[in-house]
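Peer 1: heads up, no residue letters with this:
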């Protein structure tokens, strides 16, 4: 395989630098299988405080055996090292850009736009399938789920959906997003998923192990490892409501992740410093809580809660 101008021979595991215009390169590990086959790209660390996927890929970078593979795997544990090392919630500190909303990128833009350009330029052309690993951010409590695309070409959407079914998450959520790392890959014809596991600025070994198992399941599904992944029992979320804050304020959630809710139920309240009610969030339909912010203070436009129904 050839990645970023470097040749990796069958059975080799090489760390390769992914160039970024006018910035430090990103570090990838490329594993070239002993036999030819499809290429899986797995990314993590798009948001600096989402740790489960980062740790999982660090371990897999050492543990995966290219001699046992039919095909290739490219792992990018830290897509946003600037946010990771600074402990920055959601954005790249240097320019305030949310990398997952910066696609398509711009080689002449701010740092976030240049990172998006570099990721698109290097990864999409190499990938037969792409998985982007996320968690709830440091302020979010989240139940494991996978977002699968509905805004791509029919065959691309179908390939992503079939892969989503082998993951060990309880919910798979329809997504119409177009400008994230995974969703822009779909627009470019690459089947892709966004997997969420963990949150609140923490990681645990069981969560990391589950994340690793999902990568192995995708490898099996794609034929990179023997024993194709089996479909898991999941619930498909066909509609979701993503509620954002109407103002800066104090947020008081009244529900927990994975809690069943009823239409009309109060899910949380936003108050001013003096106690004035700024926003009351009520469920628009019966469903289940997917994630919510646990932060006391929130900015206007910040995500408060997401819930959906099957």
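Peer 2: Perfect, I can see it now. What you see is a predicted model, and the numbers here were worked out from it, not measured in a lab.

Peer 1: what's stretch 102-109 in contact with?
Peer 2: Applying C-beta atoms under 8 Å, 6 or more residues apart in numbering, the contact partners of stretch 102-109 are 21, 112-121, 179-181, 183-184. No exception for glycine: its C-beta is placed from N, CA and C like everyone else's.

Peer 1: ok, residue 85 - how many residues close by?
Peer 2: Other residues within reach of residue 85 by the criterion other C-beta atoms under 10 Å amount to 11.

Peer 1: spit out the contact partners of it.
Peer 2: By C-beta under 8 Å, 6+ apart, the residues touching residue 85 are residue 48.

Peer 1: distance of it relative to residue 54?
Peer 2: 11 Å (C-beta to C-beta, to the nearest Å).

Peer 1: report the secondary structure state of the residue in the chain sticking out farthest from the centre.
Peer 2: Distance to the chain centre peaks in the chain at residue 274, reaching 37.2 Å (criterion: C-alpha atoms, centre = their mean). Here residue 274 is recorded as coil under DSSP: H, G, I helix; E, B strand; the rest coil.

Peer 1: narrow the contacts of stretch 102-109 to those that are buried.
Peer 2: 21, 112-121, 180-181, 183-184 (16 or more other C-beta atoms under 10 Å).

Peer 1: which of the residues you listed lies closest to residue 100?
Peer 2: residue 180 (4.5 Å; C-beta to C-beta).

Peer 1: tell me who's in contact with the closest residue to the closest one other than its chain neighbours.
Peer 2: Nearest non-adjacent residue to residue 180, counting by C-beta to C-beta, 6 or more residues apart in numbering: residue 100, 4.5 Å away. For residue 100, the contact set (C-beta under 8 Å, 6+ apart) comprises 46, 47, 180, 181.

Peer 1: circling back to that earlier point, in the contacts of stretch 102-109, find the pair that's most separated.
Peer 2: With C-beta to C-beta as the measure, no two of the contacts of stretch 102-109 lie farther apart than 21 and 183, at 22.6 Å.

Peer 1: can you get me a residue count around the nearest residue to residue 232 once chain neighbours are set aside?
Peer 2: Spatial nearest neighbour of residue 232, chain neighbours left out: residue 168 (5.8 Å); criterion: C-beta to C-beta, 6+ apart. When counting by other C-beta under 10 Å, one arrives at 17 neighbours for residue 168.
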